[in-house]
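A.B. asks: Would you be able to build a 3D model of this:
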Amino acid sequence: MPIQVVSADFDKTATRPEEWPRGATPEIAFVGRSNVGKSSMLNALARRKGLARVSSTPGRTRALQFFDLSYRPTPKARPRPIRFCDLPGYGYAKVSRAERDRWTAMIEDYLRDRDVLRAVVLIVDARHPPSESDEDAAAFLVSAGRRLVVAATKMDKLPKARRVLALQQVERALGLARGDAVPFSAVEGTGTDALWARLAALAAEEARTAEAEPPA
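C.D. replies: Here you go, the predicted model:
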């Protein structure tokens, strides 16, 4: 049964740890190359057009963008909070080296240190094999101990006969098992429910683990 989104709102923009939202709300981060479709994915997941700004200019997002949502995993369940974080896109060349280094440091600090971060969605373009920067991002996230969810987006741009092979190519390149990557298209609505199900399960799994741990 599809996840029901109860509310979705922009929270804040942040560039430093002291600006990150406080509290124990489980957080999901979204990362990918510039112009890969992060904002469109966030809007599709939130069931709300215009929540995240969609731009045709790569490199527009230069800070962490936080969004507060609540959802029901089942119709009778109480709403549960979750927070999404849209990270600046990587691989965009038309900025200074100093600016790219600043983005990289900001993103890596967040991915290493954010204690409420439950999983990271790595978004890749299904039309092309994962780039070296995609592979580097996946390796970094695994080395940082983060739960990784790969979403292959822009599936609507591919003929249906090529989609399965494209998905398998993504999985092989990133060392995933068959069926691990989520096919996604904000245009067609493909993958929205499947991705939500994974994210909600990860948030719930982490919450159960935290409750089961004995107090220090």
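A.B. asks: List the buried residues for stretch 30-37?
C.D. replies: For stretch 30-37, the neighbour count (16 or more other CB atoms under 10 Å) marks Phe30, Val31, Gly32, Arg33, Ser34, Asn35, Val36, Gly37 as buried. Glycine gets a C-beta too; all of them are placed from N, C-alpha and C.
A.B. asks: And stretch 163-183, by the same measure?
C.D. replies: Under 16+ other CB under 10 Å, the buried positions of stretch 163-183 are Arg163, Ala166, Leu167, Gln169, Val170, Glu171, Ala173, Leu174, Leu176, Ala181, Val182, Pro183.
A.B. asks: Among these, which pair sits farthest apart?
C.D. replies: The distance between the two most remote of those (CB to CB) is 16.9 Å, for Arg163 and Leu174.
A.B. asks: so where's the protein uncertain?
C.D. replies: Applying pLDDT under 70 to the chain flags the ranges 54-61, 91-97, 99-100, 206-216.
A.B. asks: Nearest to the middle of it, which residue? Look it up for me.
C.D. replies: Centroid-nearest residue in the chain: Phe30, 2.4 Å away (criterion: CA atoms, centre = their mean).
A.B. asks: With secondary structure and distance to Pro159 added, can I get the buried residues of stretch 30-37 in a markdown table?
C.D. replies: Shown next, in a markdown table, are the buried residues of stretch 30-37 (DSSP: H, G, I helix; E, B strand; the rest coil; distance: CB to CB, whole Å):
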| residue | secondary structure | distance to Pro159 |
| --- | --- | --- |
| Phe30 | strand | 27 |
| Val31 | strand | 28 |
| Gly32 | strand | 23 |
| Arg33 | strand | 23 |
| Ser34 | coil | 26 |
| Asn35 | coil | 22 |
| Val36 | coil | 20 |
| Gly37 | coil | 19 |
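A.B. asks: all strands of the chain, in order?
C.D. replies: 4-14, 27-32, 64-72, 80-86, 117-125, 148-153, 182-183 (DSSP state E).
A.B. asks: Indicate which one of those strands is closest to Arg198.
C.D. replies: strand 148-153 (5.6 Å).
A.B. asks: re the thing from before, can you tell me which of the buried residues of stretch 30-37 lies nearest to Asp68?
C.D. replies: Among the buried residues of stretch 30-37, Phe30 lies closest to Asp68 (CB to CB), at 14.6 Å.
A.B. asks: distance of that closest one from Ala98?
C.D. replies: For Phe30, the distance to Ala98 equals 25 Å [CB to CB, to the nearest Å].
A.B. asks: Could you do Thr13 as well?
C.D. replies: Between Thr13 and Ala98 the computed distance is 20 Å (CB to CB).
A.B. asks: higher neighbour count, those two?
C.D. replies: Thr13 (13 against 8; other CB atoms under 10 Å).
A.B. asks: Touching, that one and Leu64? I think so.
C.D. replies: Yes - with contact defined as CB atoms under 8 Å, Thr13 and Leu64 form a contacting pair (7.0 Å).
A.B. asks: list the residues that contact both of these two?
C.D. replies: Common contacts of Thr13 and Leu64 (CB atoms under 8 Å, 6 or more residues apart in numbering): none found.
A.B. asks: Distance check, Val31 against Tyr110.
C.D. replies: Distance from Val31 to Tyr110, by CB to CB: 10 Å.
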